[in-house]
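[1] curious how this folds, go ahead:
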Amino acid sequence: MTDPYTLPADLPAPVDDGAASHLVGMRVPRLELPTTDQRALDLAAAAQQLLVLYVYPRTGKPGEPLPTGWDEIPGARGCTPQACAFRDLHAEIVAEGAHTLGLSAQPVAEQHEVVERLGLPYALASDPLLTVAEALQLPTFEVDGMRLYKRLTLIADRGEIVKVFYPVFPPDRNAAEVLSWLQARR
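    The predicted structure is shown next:
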């Protein structure tokens, strides 16, 4: 079994395939998504305030096997370290006037376990039908019969995407990159 809290040193880095180059300037769509704080979230309404939306494939669970070839898929591994990094920098991101939301195709029940286990101070949104991917043409990939999001982070303000981090690598440094961008923007 692998440890979802640590990243192997030899992970392949994803390359920028241009799949997110169209996003800056787009409006965040009005889509209702279930979240781990047991509410239906209107994504467009959430993006009216400064929103950090980190999109990830799926979090691992200690003691459970990863999908086939997970460590060989560029950018797939690292959802738990990324979530922990956003947790650890949560107060600083809030101090910059932003709120954080994680998004994956995983069901709310699986995400709720992650929020509890990792002590996340922010909600995760569930999008098993990848409606956000369809609306914004976000990049995805397939493994073991699952269609999953490729990892990226969007920052939206007043409903418009103003910054995109893609590809995100290594994922455990993404929160610090976001915080630096927010601080520089100020």
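
[2] can you list contacts of stretch 90-97?
    Applying Cβ atoms under 8 Å, 6 or more residues apart in numbering, the contact partners of stretch 90-97 are 49-50, 52, 86, 99-100, 121-122, 175, 178-179, 182-183, 185-186. From N, CA and C alone the C-beta is placed, and that goes for glycine too.

[3] in the chain, which ranges drop under the pLDDT threshold?
    1-2 (pLDDT under 70).

[4] which residues in it form helices?
    Taking DSSP state H, the helices of the chain run over residues 43-46, 79-88, 90-95, 108-118, 131-136, 174-185.

[5] which one, of the ones you listed, ends up nearest to residue 25?
    Of all the helices of the chain, it is helix 131-136 that lies closest to residue 25, at 11.6 Å by Cβ to Cβ.

[6] how near is residue 173 to residue 180?
    Residue 173 sits 10 Å away from residue 180, going by Cβ to Cβ, to the nearest Å.

[7] neighbour count winner among the two?
    residue 173 (14 against 10; other Cβ atoms under 10 Å).

[8] my read is that that one contacts residue 85, right?
    Yes. With contact defined as Cβ atoms under 8 Å, residue 173 reaches residue 85; the gap is 7.1 Å.

[9] check contacts around the residue nearest to residue 143 when sequence neighbours are not counted.
    The shortest distance from residue 143 to any non-neighbouring residue, by Cβ to Cβ, 6 or more residues apart in numbering, is to residue 67 (4.6 Å). The contact partners of residue 67, by Cβ under 8 Å, 6+ apart, come to 58, 76, 143, 144, 146.

[10] now residue 110
    Contacts of residue 110 by Cβ under 8 Å, 6+ apart are 58, 59, 61.

[11] nearest to residue 3 among those residues?
    residue 61 (11.2 Å).

[12] and the closest one, how far from residue 77?
    Residue 61 is 14 Å from residue 77, where distance means Cβ to Cβ.
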